[in-house]
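Engineer: got a sequence here, can you model it:
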Amino acid sequence: QVQLVESGGGLVQAGGSLRLSCVASGRTLGSYAMAWFRRAPGKEREFVSTIIGSGAITYYADSVKGRFVISRDNAKNTVYLQMNSLKPEDTAVYYCAARPIYSSNPQVRYDYWGQGTQVTVSS
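Structural biologist: Below you'll find the predicted structure:
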């Protein structure tokens, strides 16, 4: 069984930055694609970004492209989301997820999910 634990959320002013981390345990996820999703209050879950197992390929939602950067450290079984130029509309609970095969399709199913970390951006 795989466990994913997110951290790094918090309260930040608009224009600020945060870095989220997601640590995997239970198995090595070096070959797994990892992704970040978010759910804002009253809205459906939204795809944010994904990264292939090697880290060589990434994909972003248009809403975060140019502001967020996804990366991973397979030696630490950890994936990161560096969030810059944050906006109030980025306020959400952020979740990391894993699946065996990389896909840039935001609708594809992910096998493992974390519990989420809250990000709040004040105006």
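
Engineer: CA atoms for contacts and neighbours, from now on please.
Structural biologist: OK.

Engineer: distance-wise, check the one residue sitting closest to the centre of the chain relative to residue 69.
Structural biologist: Nearest to the mean C-alpha position of the chain, counting by Cα atoms, centre = their mean, stands residue 36 at 2.4 Å. Noted for residue 36: a distance of 11 Å to residue 69, by Cα to Cα, to the nearest Å.

Engineer: kindly report the same for residue 91.
Structural biologist: In terms of Cα to Cα, residue 91 sits 17 Å off from residue 69.

Engineer: for residue 105, same thing?
Structural biologist: For residue 105, the distance to residue 69 - Cα to Cα - is 18 Å.

Engineer: please say which of the two ends up with more neighbours.
Structural biologist: Between residue 105 and residue 69, counted using other Cα atoms under 10 Å, residue 69 has the larger neighbour count: 19 against 10.

Engineer: between residue 36 and residue 69, which contacts overlap?
Structural biologist: Contact criterion Cα atoms under 8 Å, 6 or more residues apart in numbering; residues bridging residue 36 and residue 69 by contacting each: residue 81.

Engineer: quick one on the thing from earlier: tell me which element the residue nearest to the centre of the chain falls in.
Structural biologist: Residue 36 belongs to strand 33-39 when assigned by DSSP states H and E.

Engineer: do the same with residue 98
Structural biologist: Going by DSSP H and E, residue 98 is part of strand 92-99.

Engineer: C-terminal to that strand, what's the next element?
Structural biologist: Counting by DSSP H and E, what follows strand 92-99 is strand 112-113.

Engineer: for that next one, packing partners?
Structural biologist: strand 3-7, strand 92-99 (3 or more Cα pairs under 8 Å, 6 or more residues apart in numbering; DSSP states H and E).

Engineer: same thing but 6 Å
Structural biologist: strand 92-99 (3 or more Cα pairs under 6 Å, 6 or more residues apart in numbering; DSSP states H and E).

Engineer: which residues does the strand it packs on contact?
Structural biologist: 32-40, 110-114, 116-119 (Cα atoms under 6 Å, 6 or more residues apart in numbering).
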